[in-house]
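>>> Need coordinates for the following:
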Amino acid sequence: MRKVYLATTLALVGACTSSSTPSNTPTGGSGGTMTTPTGGSSGTTPVELTFRQHDNPAYRMADMVAIAAYTTAHSNVTITPSSVDYATLTASLVADLKTDKFKYDIVRIPPSWVCSFAANLTDVPATVASLSEAQNTFFAAPLAGSTCKGTLKALPMEYNLEYGGVVVNLDRYKTVFPTKTEPSWDKGTWAQFIAEAGMMVESDGTGKLVANGLDIDPGWPQPAKHIFFSQILQRGGTYWNATGDAFNFQTQQAIDALTDMVSWVKTQKLMSLSLVPMANTFVTTRLATGATGYGKNDVMAPLSYIGYVGTWGLTDTNAQSAKAGTNVKAGFYTLPPMAGTEHKFVQNSGWALAVPKTSKHPAEAWDFIKSLALSPEAMRGWSATTGALPALKVNGTVAAAAADPLLAKVQPLLEHGQWVGYIPAEAIETVEGAIVSNFFAATKNTGETGAKDIITALKDMESTANAALAAHK
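Just a heads-up that it's a prediction; the model follows:
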């Protein structure tokens, strides 16, 4: 689901920043969900819990339902939420949580940030969940990001899937393919998808692109990162070095992966950066609307027809289209593996709930978290409001997906993902920026400002990433 995308701009394409560290991914267990007792603060002494959130409206709404349910069952407990934007939240985690000055009892931590604060968070109590119980309860990929050197430090709220799917403008699709009702790319090959994406491109009478066939956002690193890392895995490689404490982008698999990605833009011309406005834009914005001075110079004419984005992107596209009055009919569709026949991919582990060591009421804080994160019923309601995919295995089964068409499309992928690995919080933006900026630099033609060849782009990507890693060990 759309968390918060970085406030990077197209100026990023040409500069690189990055870092990383060893991966720490336990294998998930099999089996169902654990039984969650309904205990908690049943006394009469008043307890006030403070809860630091990010300001996503849907998340806040879902949280309020959980808070109301808990405080109704525990009349002596008051939970006071406090929300801030993503940048303020992450800055306060680095400045306050990491220095044990955080003033909240409960905190929602961004995807893959938990282990950066392992020393500042309480362990998940055994009365809430042991590690083995958690491995039987949660999908392995989101759980791994909350497990730090074998210790459970938080409980995941969602499966953060930014791989393997696209939002599609169905009106354009049916115009281009009048004999088809909708895409079935997951049943074909990656080459077939790329071929159809090429046919979705729209050009004017001079051959100039006026709408992208495939939009990989240059100002939001998640698609480029997930595509690149997952391609490497699918080609039989790894993006970590032999000791797992730095990136290695010099392998043949990395070269082949970036070469393939660049060909979609440079050779097959599925996308042009000239259709990406310099401000007030995002992949879902371009799927939903146009912009003055871009494409058809019409705010009602979308700038892209396919966008690489998670399932949450469908809701976001529809909301922006409704607001703008463009009436785009969109759908979400899954894709085949990019290389080979098996889905191997990474994900960022999703938002997680944790209790700082500075909490005044850690037992009660964990009891509230347990009542939400470990309750299949509560989490079904939470996910229905937020649009997030389930972290709980029981909520991501074939049977559970039968009543949710969007979940049903991605359900087969959930057991195949792996956590991207530990990257220090202070270095994440740099790492991701290096990947997306060097990818787009490699799509430029010789002579264009910032253009790089594949080998140079990979070397710059790696050196920037590893320098940031070294700075934040």
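>>> so how far is stretch 252-272 off the chain centroid?
Counting by CA atoms, centre = their mean, to the nearest Å, stretch 252-272 is centred 22 Å from the centre of its parent chain.
>>> Could you list the residues in contact with it?
194, 197-198, 201, 209, 212-216, 224, 227-228, 231-232, 235-239, 248-249, 304, 338-339, 439-440, 442-445, 454-455, 457-458 (CB atoms under 8 Å, 6 or more residues apart in numbering). For every residue, glycine as well, the C-beta is placed using N, CA and C.
>>> swap in stretch 317-328?
With CB under 8 Å, 6+ apart, stretch 317-328 has contacts from 167, 169, 171, 284-285, 287-290, 299-300, 302, 307, 330.
>>> Taking those together, which two end up most distant?
167 and 299 (19.2 Å; CB to CB).
>>> what phi and what psi does the backbone show at the nearest residue in space to residue 443 that is not next to it in sequence?
Closest residue to residue 443 apart from its sequence neighbours, by CB to CB, 6 or more residues apart in numbering: residue 265 at 4.0 Å. Backbone torsions for residue 265, taken as degrees, to the nearest 10, come to phi -90, psi -50.
>>> I'd like to know how far residue 265 sits from residue 442.
In this view, residue 265 and residue 442 are 9 Å apart by CB to CB, to the nearest Å.
>>> dump the residue contacts of the residue of the chain positioned farthest from its centre.
Distance from the centre of the chain peaks at residue 44, with 41.3 Å (CA atoms, centre = their mean). Counting by CB under 8 Å, 6+ apart, residue 44 touches residue 76.
>>> mind checking which helix or strand it is in?
Assigned by DSSP states H and E, residue 44 falls within no helix or strand.
>>> Please enumerate the strands of the stretch 301-450 of the chain.
Remark: strands assigned in the stretch 301-450 of the chain by DSSP state E, counting those that start in this stretch are 306-308, 330-334, 345-347, 352-354, 417-419.
>>> And residue 164, how far from residue 349?
16 Å.
>>> ok, the two, which is more surrounded?
residue 349 (33 against 26; other CB atoms under 10 Å).
>>> what's the distance between the closest residue to the more buried one other than its chain neighbours and residue 413?
Leaving aside its sequence neighbours, residue 349 sits nearest to residue 145 (CB to CB, 6+ apart; 2.5 Å). From residue 145 across to residue 413, the span is 17 Å (CB to CB).
>>> who has more neighbours, these two?
Using other CB under 10 Å, the more surrounded residue of residue 145 and residue 413 is residue 145, with 30 against 21.
>>> residues touching the more buried one, list them.
Taking CB under 8 Å, 6+ apart as the test, what residue 145 contacts is 111-112, 114-115, 156, 348-350, 352, 419.
>>> Now the phi/psi pair for it, please.
According to degrees, to the nearest 10, residue 145 has phi -70, psi -10.
>>> So which residues of the stretch 1-150 of the chain form strands?
47-54, 77-84, 106-109, 147-148.
>>> For stretch 85-105, list every residue counted as buried.
86, 89-90, 92-93, 96-98, 102, 104-105 (16 or more other CB atoms under 10 Å).
>>> Any stretches of this structure with poor pLDDT?
Across the chain, the ranges flagged by pLDDT under 70 are 1-43.
>>> Quick check: can you list the domain ranges of it?
Domains of the chain are assigned by automatic domain parsing as 47-160+348-419, 162-346.
>>> closest to residue 471 out of those domains?
domain 162-346 (12.4 Å).
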